[in-house]
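Asks: fold the following and give me the result.
(chains A, B and C)
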Amino acid sequence: MAAKTLTIDGRQVSAEEGATILQAAEEAGAKIPTLCHLDGIYDVGACRLCLVEVAGVPKLLPACTTKVAEGMDVRTDSERIRSYRRINFELLLAERNHICAVCVANGHCELQTLAYSLGVDHVRYDYRFPRWEVDTTHSLFGMDHNRCVLCSRCVRVCWHIEGAGTKNVAGRGAQSRIITDLNMPWKHADSCTSCGKCVQACPTGALFHKGSTVGEMERDRSKLEFIVTAREKGQWIAPD
Amino acid sequence: MTLNDLHLIQARELAGKKKIILRCCMAAGCMSSGSANVKQRLEQAVAEAGLGQEVEVRGVGCLKLCCEGPLVQADPQEVLYIKVTPENAPTIVATLRGEPADLPQTDLNAPFFKRQLSVVLANSGVIDPERIEDYIAAEGYQALHEVLTEATPTEVVETMVRSGLRGRGGAGFSTGIKWGTVAKTPGSRKYVICNADEGDPGAFMDRSVLESDPHSVLEGMAIAAYAVGADQGFIYVRAEYPLAISRLQIAIKQAKQLGVLGSGIFESPFNFSIDIRIGAGAFVCGEETALMASVEGKRGTPRPRPPFPAESGLWGCPTLINNVETLANVPPIYRKGAAWFAGIGTEKSKGTKVFALAGRVKNTGLIEVPMGTTVRTIVEEMGGGATGGGHIKAVQTGGPSGGCIPLPHLDTPVDYESLGRLGSIMGSGGMIVMDDTTHMVDVARFFMEFCMDESCGKCVPCRTGTVQMHHLLCKIMARKATPRDLEKLQELCDMVKHTSLCGLGQTAPNPTLSTLRFFRHEYEALLQPDTFGPHRTADHASLPAAETTLLHLRQTYRARAVEATTRAAAETTTTPTTAK
Amino acid sequence: MKTRLATVWLGGCSGCHMSFLDLDEFLIDLIQQVDVVYSPVVDAKEYPEDVDVCLIEGAVCNEDHLEMVHRIRLRTDKVVAFGDCAVTGNVAAIRNQLGLGNHENVLQRAYVEAAQLNPRVPSEPGIVPPLLERVMPVHEVIHVDYHLPGCPPSAARIRTFLTQLLAGEEPRLTGEDIKFG
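Replies: Next up is the predicted model:
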């Protein structure tokens, strides 16, 4: 496969043709914040945290879905981008009820980690305090819509990796929500295989193992990575 | 079907034409004020008067002066009756025999009509949209025949490029270049989509075109399909347009029966069929990638571009998406030539533009004017100025994605660049006139509410940003905001504009930005001093004000506390406690 | 001259003040540099004038809190939102999800439905302050100069923050020093 040479934050890097800016930056050691991206599933460019500046392009481009091109000059960090990322994150925190002190994912939450790295020590916008339900009907897992950031990672692992198609997004705008089957309580969603991949994929405390209490919900993303890459790595086959 | 057949139908139609035609508007506007009844009574009156041989009562598309409907136009008398009631029918028929009548009518020589130049709307209000023969009599489908038999797809694209037509859906991208890109992209299967998901508040151009002249859109699609190499088309039309949908269904059926759609059109190897897809009410489905997702049967949410639909569209195939008005421009361009079309309008914006004129203006309705006509001509001359003796304050174009043109800029010509410079957009053609009773912050709030409700929820800036911007606008309207809130609003506008995934979010701040630019004083008049801001930088003059605020707070609490005690006392005396 | 320091306890659990006391021997260093002019741990009835730094624990939940934060802003140079309740509303603001106008129901639930003895909504005008319709983080009401989140902020981070502030530097919390929950 042909290689493309490009510049990321002033450094010359080469990347495989077809690779995304995000992949190229990662290999070059530049850390671009992401939320809706999850290794192993296709990208949707929804969270807008990974927006980067590309010289000659008037618009900011999502690093996760933009393919590298020869001679591309990418800036992953600038005053403007930092400010946008911060606003973006504050908007996200003000949207639903992210109460870290009483959250199962406290201390193991991508939302928290991102907030710290973006320097978000408070939210300037008025919190919306919407009222959302918690679905604890499933025997193993729970879904707390108060903590959901609508990254749709659970939906994509459910369709793309597990192939069950249980999870989906319903409603629009601020009323968007993750549903199971045709908006049924999770336990009645017959298509669910109870595989738990959605729980592993969730960046926040929205999807959790039942029985976990504050700060107990840790995830093991290596399980997802194994499922996605095992075939090409030959890990399905027992070694001789 | 051959050219000869077309000519035969045309000749038969012209030969059978009756001396007098009563054109009765059967577009949604007049229909909603009872024009179907008017038409039926007219037919009855003609029969009763024994004029069946000389007079035809024809249901036609939009007669344009929507505010005065139901409308009936008599030919060749050139009289346009307004606000016609079914009871007027015998009187109208009587006038055809020369009897005088005192019926409300309007002057067809008024600027509202005289300033119009009909290209897209040439057949609107003239032909019966439910009869393909009427369209053929108006030279319909001849352009398609000519293109199929005499031009190569490359030549068709070249003609389109030469015409200078730009997309009428809002962005104004060159139609010819778009066609060329799809034509050049390799693919065994290609699609043409007609975007009829018109959703801007106050806009009804596309609906009128579909209701008045559906075949022009079908013919336009077929020409486009030939140019790009597609054999399947979709019309994505919103469910809120039942009349447009039914007329499209009739038109497609008739076109198939006559063989101008289907396989081997005009005995050429070109096949093209069109299916209708009905939108379920989401504004965002007017965005092309969301529209395609919806056509595919998925949730209608946009996806990042590139890849553009021209490279990877419907089911991953190269896809051409054009708006209704763009496609309706196509047959006239091939019938009369690219040079003719390029001769209309301004240097960079060719042709005409259809606007839905609405709001606080005397004459509301559908107008088509050459590009470059000034906003003043449209609203003051054609629109007849503000209603009720008010003064025009601003004109809003581009709906929730556009901006306001304030009074001092009313001489701006309508073309893509001039409107863009003012921070507005051409948009799909909604034009809402506002007078001095309109509060501009409220206008911004209204459009923000619209965008907030219509955001698909996929990307963070649009989903959450519109909510916060709307909240800030409400706060300003409620006189509870400080200058810091206004700063936050501006910062949010900038962020949402530059980081949202699709056009909906990227343009959602436009009405706010535009009103902030031209009517900032209206915002500032509602702001409260930031008395409790940073200590050292706090305005010392406002410190007494702060003490007053504190005093006021304390008094309010006292009053409330007294009220609560009185209420509690009243409750304990009248009702027993509800304690368990 | 020593820095005039105040600490205020609004709608919170006092955990932030507990964490403050966890500063242990640093408290002795601190007292060399500051005068604690108002705090739940000192006996001052009225919030004084000309306070240099005020740490506000807790969210703005009732009308007393509302009046207090306004007074603090007028009389204080640097206002610090101290802990998650002051910064985000946190647990104190969970009742906001019930919607506006439900503050009455909150009292009903707490003092009547859940009560085992003498169920009665406390109503002592002038003594029990009425609840606000909506719990607010401090910066929603007044300008806040610094935010020190955490539930509670750890003694180590309080120390880092105060050290920077008292040294006349602009306190800058980044990365590790920010923590919610």
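
Asks: okay, CA-based contacts and neighbour counts for the rest of this
Replies: OK.

Asks: element containing residue 69, please.
Replies: Going with chain A. Following DSSP states H and E, one finds residue A:69 outside all helices and strands.

Asks: sorry, should have said chain C
Replies: Here residue C:69 is assigned to helix C:63-75, by DSSP H and E.

Asks: other SSEs contacting that helix?
Replies: helix B:543-574 (3 or more C-alpha pairs under 8 Å, 6 or more residues apart in numbering or on different chains; DSSP states H and E).

Asks: distance from the chain centre to the helix holding residue C:69, please.
Replies: Centre-to-centre, helix C:63-75 and its host chain are 11 Å apart (C-alpha atoms, centre = their mean, to the nearest Å).

Asks: burial of residue B:267, as a residue count?
Replies: 15 (other C-alpha atoms under 10 Å in any protein chain shown).

Asks: leaving out chain neighbours, which residue sits closest to residue B:361?
Replies: The spatial neighbour of residue B:361 that comes closest, neighbours along the chain excluded (C-alpha to C-alpha, 6 or more residues apart in numbering or on different chains), is residue B:386 at 4.3 Å.

Asks: picking up where we left off before, what mean pLDDT does the helix holding residue C:69 have?
Replies: In this model, helix C:63-75 carries a mean pLDDT of 91.

Asks: quick check: residues of the stretch 201-350 of chain B near chain A?
Replies: For the stretch 201-350 of chain B, the contact set with chain A under C-alpha under 8 Å from any C-alpha of the partner chain comprises B:303-304, B:306.

Asks: mind checking the SS state of whichever residue of chain A sits closest to chain C?
Replies: Nearest to chain C, among the residues of chain A, is residue A:101, at 3.9 Å (C-alpha to the nearest C-alpha). Secondary structure state of residue A:101, per DSSP: H, G, I helix; E, B strand; the rest coil, is helix.

Asks: for it, give its distance to residue C:156.
Replies: 18 Å (C-alpha to C-alpha, to the nearest Å).

Asks: out of those two, which sits in the busier spot?
Replies: The neighbour count for residue A:101 versus residue C:156, taken as other C-alpha under 10 Å, is higher for residue A:101 (20 against 15).

Asks: which residues touch the closest residue to that one other than its chain neighbours?
Replies: Excluding the flanking residues, the one nearest residue A:101 by C-alpha to C-alpha, 6+ apart is residue C:181, at 3.9 Å. Counting by C-alpha atoms under 8 Å, 6 or more residues apart in numbering or on different chains, residue C:181 touches A:99-102, A:106-107, C:84, C:149-152.

Asks: coming back round to it: just list the residues touching the residue nearest to residue B:361, thanks.
Replies: Here residue B:386 is in contact with B:360-362, B:380, B:392, B:433, B:435 (C-alpha under 8 Å, 6+ apart).

Asks: apply 10 Å and report the result again.
Replies: Applying C-alpha atoms under 10 Å, 6 or more residues apart in numbering or on different chains, we find residue B:386 in contact with B:359-363, B:379-380, B:392-393, B:433-436.

Asks: CSV please, covering those residues and showing neighbour count.
Replies: Output for the contacts of residue B:386, formatted as CSV (neighbours: other C-alpha atoms under 10 Å in any protein chain shown):
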residue, neighbour count
B:359, 18
B:360, 25
B:361, 23
B:362, 20
B:363, 24
B:379, 26
B:380, 19
B:392, 22
B:393, 21
B:433, 26
B:434, 27
B:435, 21
B:436, 13
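
Asks: pull out the buried residues from the one helix or strand residue C:106 maps to.
Replies: For residue C:106, the enclosing helix or strand under DSSP H and E is helix C:103-107. Neighbour-count burial for helix C:103-107 flags C:103, C:106-107 (criterion: 16 or more other C-alpha atoms under 10 Å in any protein chain shown).

Asks: same deal with stretch B:328-348?
Replies: B:328-335, B:337-338, B:341-342, B:344-346.

Asks: what kind of secondary structure is the residue nearest in space to the middle of chain B in?
Replies: Taking C-alpha atoms, centre = their mean, the centroid of chain B lies closest to residue B:203, which sits 3.3 Å from it. At residue B:203 the chain is in coil, as set by three-state DSSP.

Asks: where is the longest helix in chain A?
Replies: helix A:79-95 (DSSP state H).

Asks: any idea of the angle the next helix or strand after that helix forms with helix A:79-95?
Replies: On the C-terminal side of helix A:79-95, the nearest following helix or strand under DSSP H and E is helix A:110-117. Here helix A:110-117 points in a direction 140 degrees away from that of helix A:79-95 (axes from the mean of the first three to the mean of the last three C-alpha atoms, to 10 degrees).

Asks: ok, helix A:110-117 near chain B or not?
Replies: No: contact of helix A:110-117 with chain B (C-alpha under 10 Å from any C-alpha of the partner chain) is absent, the minimum separation being 13.5 Å.

Asks: state the mean pLDDT of that helix.
Replies: 95.

Asks: which other helices and strands contact that helix?
Replies: Packing partners of helix A:110-117 (3 or more C-alpha pairs under 10 Å, 6 or more residues apart in numbering or on different chains; DSSP states H and E): helix A:79-95.

Asks: residues of the helix it packs on that come out buried?
Replies: Neighbour count says helix A:79-95 has A:81-82, A:84-95 buried, by 16+ other C-alpha under 10 Å.

Asks: helix, strand, or coil at the closest residue to residue B:6 other than its chain neighbours?
Replies: Among residues not flanking residue B:6 along the chain, residue B:136 sits closest, at 6.7 Å (C-alpha to C-alpha, 6+ apart). Three-state assignment for residue B:136 (three-state DSSP): helix.

Asks: per-residue pLDDT, residue B:136?
Replies: Reading off the model, residue B:136 has pLDDT 97.

Asks: ok, it - contacts?
Replies: So, once contact is read as C-alpha under 10 Å, 6+ apart, residue B:136 ends up touching B:6-11, B:13, B:127, B:142, B:215.

Asks: check contacts around residue 95.
Replies: No chain was given, so I picked chain A. So residue A:95 contacts A:89, A:125-130, A:146-149, A:174, B:460, B:463-465, B:467-468 (C-alpha under 10 Å, 6+ apart).

Asks: my question was about chain B, not that one.
Replies: B:74, B:77, B:101-103.

Asks: quick check: phi and psi at residue B:167.
Replies: Phi and psi for residue B:167, reported as degrees, to the nearest 10, are phi -50, psi 130.
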